[in-house]
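*Asks:* Sequence first, predicted model second:
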Amino acid sequence: MSNPARFNRRTLLATMLGSGALMCAHLLMAAPLPVTITVNAAANRHPISPLIYGLNFGTADILRDLRVPINRSGGNTASTYNWRIDAHNTGQDWFFESVPVDPKGIYQYNERFIDATREAHATPMLTIPMIGRVARLDRNGKPLASFSVSRYGKQQAVDAHGLPDAGNGIALDGTPIKNDPDDASMLDDPQSQQERINQLVHGPGRAAPEGSHYYMMDNEPSLWHVDHRDIHPIGEHAGEIASKVIAYSRALKTADPAARIVAPEEWGWTGYRYSGFDQQYLAAHGAGTPPDRANETHGMDYVPWLLAQWKQAGHPVDVFSLHFYPQGGEFTGNEAASATEAPAVELARNRSTRDLWDTSYKDPTWINSVIALIPLMRQWVDTWYYPGTPVALTEYSWGGDMTMNGATAQADVLGIFGREGLDIATRWGVLNPDMPVYKAIKLYRNYDGQGSGFGTTSVADTQPDPDQVSSFAALRDHDHVMTIVVINKQLDQAADATIAINNFDASQGKAETWQLMDNAITRQHDTDYASGKLHLTLPPKTVTLLVLHGAGG
C-alpha cells in the first residue's frame with residue numbers, strides 16, 4: 001500500500017542529498033519480518049513420491065531438464081480423440097470442430113506422446129475417451145463442424161479465421177442449437193479402446209514399455225454437457241459414470257494387464273459433489289433437490305458415492321484422481337499470463353494454497369467451505385474405497401506463470417504435496433524455460449543443472465505464518481543431505497529467518513544456498529550454520545534452497 005507522507009519524504013531527501021537518497025530511502029522501508037523456522041529431522045518422516053513433480057503434455061526437452069517423472073496427455077479435446085484417424089473435436093473451447101491432430105503439436109495422444117515421454121525417461125498417462133462418441137472427418141480427411149452455419153443458420157460467433165462454417169452452437173436469439181451428433185462425430189465404445197491399447201502395448205514394432213501404464217477415464221465427465229454439448233447435451237448421471245468406468249477398466253485391463261486405471265478426473269468443488277445431470281439441473285432451477293442426489297446417490301456427494309460403487313464392483317480403479325484450481329482469480333490460463341498482477345490477486349494466491357491442506361481454512365470464494373483437499377481425498381478413499389489407494393491431482397495450477405508471485409506459489413504447492421503425502425500430481429499448462437514458475441519447479445528438481453534436487457524423505461518443518469513465509473524440509477537419502485526450501489511470499493518486505501535444525505547428523509558447517517529471485521536461479525554465498533542454527537535474509541518474492549551436508553556426506 002502506498003503512503004503519501006513517506007513518498008513526500010523520499011522526494012525531499014532525493015532533492016537534498018542526491019546519490020545519498022537511495023540509502024535514506026531504504027531506511028524508510030519496512031524492517032524485515034523476523035521469522036523462526038524449526039526443522040526436526042527425526043519427526044514426521046515419510047517418503048516423498050517423485051510422481052508429484054509431473055506435468056501435462058511436457059515436451060521431451062522440458063521433461064529432461066526438469067527431471068519430470070510422469071507426463072499426462074489430457075484436457076477437453078482428449079475426450080473426443082479418435083485413434084483410428086488421429087483426430088479430435090475441439091468442443092466448446094473452439095467452435096466444436098473435428099480436426100486432424102497436428103503431429104507436431106503439444107497435444108499428442110497416442111504413439112507420439114508415449115514415445116516422446118519415454119524417450120525423456122518419464123511415465124506417460126493417457127486419457128481414454130468414455131463419452132461414447134469421437135471425432136469424425138469428411139471422406140477426404142478434412143475438418144467437420146458440429147454446428148455448421150450452412151446447416152443450422154447464423155450463430156452468435158463463427159470461426160472466421162479457421163473454419164468459417166463452424167459456429168458456436170448459439171442462435172442469434174441466444175437459443176442453444178440442437179444438432180445431429182453424426183455431423184462431426186461417430187460412435188465409440190470400450191471394445192474400440194481395448195483394441196487401441198492392445199495395439200499400443202502389443203502391436204507390430206511395439207515393445208511393451210516398462211513400469212506402470214496409467215490410463216485416465218476421460219476428462220471432467222460432469223462437464224460433458226458444457227464442453228461437449230454437441231454430442232452429450234444432457235449432463236451425465238452418476239450411475240452412467242460409475243458403470244462406464246467399470247466397463248472401460250475391464251476392457252483396458254484385458255488388453256494391458258499392467259494397466260493402472262485413474263478416475264474420476266473430476267473438475268472442482270461442484271464436480272466433487274454433484275453429477276453432471278445435477279449440475280445442469282441446479283444451473284436451470286437454482287435450487288431444489290437435484291434428481292441424482294435424491295434418486296441415485298441417496299444424499300451422498302457424487303465422488304465418494306462413485307468410490308463406493310466401484311468398490312462393490314471389485315477393484316476397477318487403481319488411482320483416485322481429481323482436478324483443482326483456486327477460485328479467487330489466481331488462475332486465469334496461460335493465454336492471459338502477464339508479468340504484473342493486482343496485489344489483491346497475489347495475496348489471494350499466497351493464502352489459497354491452504355485449500356490443499358488446512359482443515360481450519362474456510363475458502364472465501366463462492367465455495368465458502370473448508371476444502372483441505374489432500375486430507376479429504378485420503379479420507380474418501382479410506383472410507384469408501386480401499387485404504388491406501390494412491391491419490392492424484394492430475395490437473396492443477398495456481399496461475400501467475402510470468403510472475404514471481406506465481407513462482408512462490410508453485411514452490412509452495414510442491415512443498416505441500418510432499419509434506420502432505422500426495423501420490424501423483426501433474427501441473428496443467430504449457431511451460432517454457434523463461435517462466436518463473438518453470439524455474440520454481442527446477443529449483444526442486446535440477447537446481448544445479450546436474451540433476452540435484454529436493455530431498456526424498458519429508459521431515460518436520462514448522463513456521464509461524466505460511467501465508468507470509470513458508471518452508472519445507474526433506475532428507476536426500478542417497479547422499480546424507482538435508483534440503484530446506486524457504487519461500488518469502490511477501491510482496492514487498494524482506495524476511496530475517498532463523499532456522500533451528502534438530503536431530504541432523506551435522507550441527508555446524510556451510511549450507512549451499514540457491515535462490516530464485518527476479519526470474520533467475522543463482523548460487524549465493526554459502527550460509528554458515530553453527531549449534532544447529534542458521535540465519536539468512538530473504539528478499540520479497542523469492543524461493544531459497546539450502547543444502548546441508550551431513551557428517552556422512
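*Replies:* Right, received. Where do you want to start? Numbers count the residues shown, from 1 in each chain.

*Asks:* In three-state terms, label the nearest residue to Tyr325 once chain neighbours are set aside for me.
*Replies:* By the measure of Cβ to Cβ, 6 or more residues apart in numbering, the closest residue to Tyr325 outside its immediate chain neighbours is Phe331, 4.6 Å from it. Every C-beta, even on glycine, is put in place using the N, C-alpha and C of the backbone. Using DSSP: H, G, I helix; E, B strand; the rest coil, the structure places Phe331 in coil.

*Asks:* List the residues that contact the residue lying closest to Pro316 once chain neighbours are set aside.
*Replies:* Residue nearest to Pro316 in three dimensions, not counting chain neighbours: Ser249, with 3.8 Å by Cβ to Cβ, 6+ apart. Neighbour list for Ser249: Met217, Ala259, Ile261, Ala263, Pro316, Val317 [criterion: Cβ atoms under 8 Å, 6 or more residues apart in numbering].

*Asks:* follow-up on the earlier one: tell me the contacts of the residue nearest to Tyr325?
*Replies:* Applying Cβ under 8 Å, 6+ apart, one finds that Phe331 lies in contact with Tyr325, Ser397, Trp398, Gly399.

*Asks:* got it, and Gln193?
*Replies:* Ile128, Pro129, Tyr248, Ala251, Leu252.

*Asks:* What is the helix or strand where Gln515 lies packed up against?
*Replies:* Gln515 is located in strand 509-517, with elements delineated by DSSP states H and E. Under the contact criterion of 3 or more Cβ pairs under 8 Å, 6 or more residues apart in numbering; DSSP states H and E, the helices and strands touching strand 509-517 comprise helix 404-420, helix 436-445, strand 520-530, strand 542-549.

*Asks:* Could you check that strand and say which residues are buried?
*Replies:* Gly509, Ala511, Glu512, Thr513, Trp514, Gln515, Leu516, Met517 (16 or more other Cβ atoms under 10 Å).

*Asks:* How about the secondary structure of the residue nearest to Thr462 when sequence neighbours are not counted?
*Replies:* Counting by Cβ to Cβ, 6+ apart, Thr38 is the residue found nearest to Thr462 once chain neighbours are left out, at 5.0 Å. Three-state assignment for Thr38 (three-state DSSP): strand.

*Asks:* pretty sure His323 is in contact with Glu266, am I right?
*Replies:* Yes. With contact defined as Cβ atoms under 8 Å, His323 and Glu266 form a contacting pair (6.6 Å).

*Asks:* which one of those two has more residues nearby?
*Replies:* Taking other Cβ atoms under 10 Å, His323 and Glu266 do not tie; Glu266 has more neighbours (26 against 22).

*Asks:* give the contact list for the closest residue to that one other than its chain neighbours.
*Replies:* Once its chain neighbours are removed from consideration, Glu266 has its nearest residue in Leu322; the separation is 5.5 Å (Cβ to Cβ, 6+ apart). Contact criterion Cβ under 8 Å, 6+ apart gives Pro264, Glu265, Glu266, Tyr272, Val303, Leu373, Met377, Ala392, Leu393, Thr394 as the residues in contact with Leu322.

*Asks:* returning to that earlier point: the helices and strands packed on strand 509-517: which one's closest to His285?
*Replies:* helix 404-420 (36.2 Å; Cβ to Cβ).
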